[in-house]
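> Need a 3D model of the following:
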Amino acid sequence: MASAYCRRLAQQNHNLMTIPENIVAPLTQTASEHRELLDEIQRLRNKISDLEGGDTAASDTATDAETEQTQQRSIIQNKQIFQQSPICLTISEVDTGEFIQVNKIWCETFGYTEAEAIGKTSIELKLLQP
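Okay, the predicted model is just below:
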């Protein structure tokens with residue numbers, strides 16, 4: 001889903017490229033990770049423009065403002081979708097399995113508050129056995 005979102009974002013911003021899979025971040029992005037991804041998209045656009053002989057410097061300021069607005073809308077929308085989902089959703093650290101985020105229905109289903117779950121693993125919360 002993150003890959004599709006990033007591709008749509010790139011297509012909406014000039015239809016210039018497909019984002020390589022190695023820079024597509026998951027939906028667990030922090031604001032700074034999201035900004036890094038958007039910066040990488042802009043760098044790639046600039047490379048394409050340089051290869052085509054174009055100049056993107058004049059539109060950089062407008063593009064940066066639009067990118068910031070798009071980023072903020074995207075973050076808000078993703079948080080709302082995550083929290084309002086009717087199914088249990090979690091975002092976990094890949095290496096450790098620790099919960100980074102849990103939604104409201106997950107908390108209601110498993111009987112933990114978000115504060116109790118964040119930073120713990122399913123095993124620590126006795127949801128799974130080792």
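> can we go C-alpha only for contacts and neighbour counts from here?
Fine.
> Going along the chain, name the strands of this structure.
Counting by DSSP state E, residue ranges of the strands within the chain are 90-92, 99-102.
> just so I know, which of the ones you listed lies nearest residue 124?
Evaluated with Cα to Cα, these place strand 99-102 nearest to residue 124, the distance being 10.6 Å.
> Run a quick neighbour tally on the spatially closest residue to residue 98 that is not a sequence neighbour.
Counting by Cα to Cα, 6 or more residues apart in numbering, residue 98 lies nearest to residue 121, which is 4.4 Å off, once chain neighbours are set aside. Around residue 121 sit 18 other residues, with neighbours defined as other Cα atoms under 10 Å.
> List the buried residues for stretch 35-50?
Of the residues in stretch 35-50, 37-38, 41-42, 45-46 count as buried by neighbour count, 16 or more other Cα atoms under 10 Å.
> quick one on the thing from earlier: can you verify my assumption that the residue nearest to residue 98 contacts residue 97?
Yes: the pair residue 121 and residue 97 qualifies as a contact (Cα atoms under 8 Å) at a distance of 5.5 Å.
> which helices and strands sit right next to the longest helix seen in the chain?
For the chain, the longest helix by residue count, based on DSSP state H, is helix 60-84. The helices and strands touching helix 60-84, judged by 3 or more Cα pairs under 8 Å, 6 or more residues apart in numbering; DSSP states H and E, are helix 31-52, helix 104-110.
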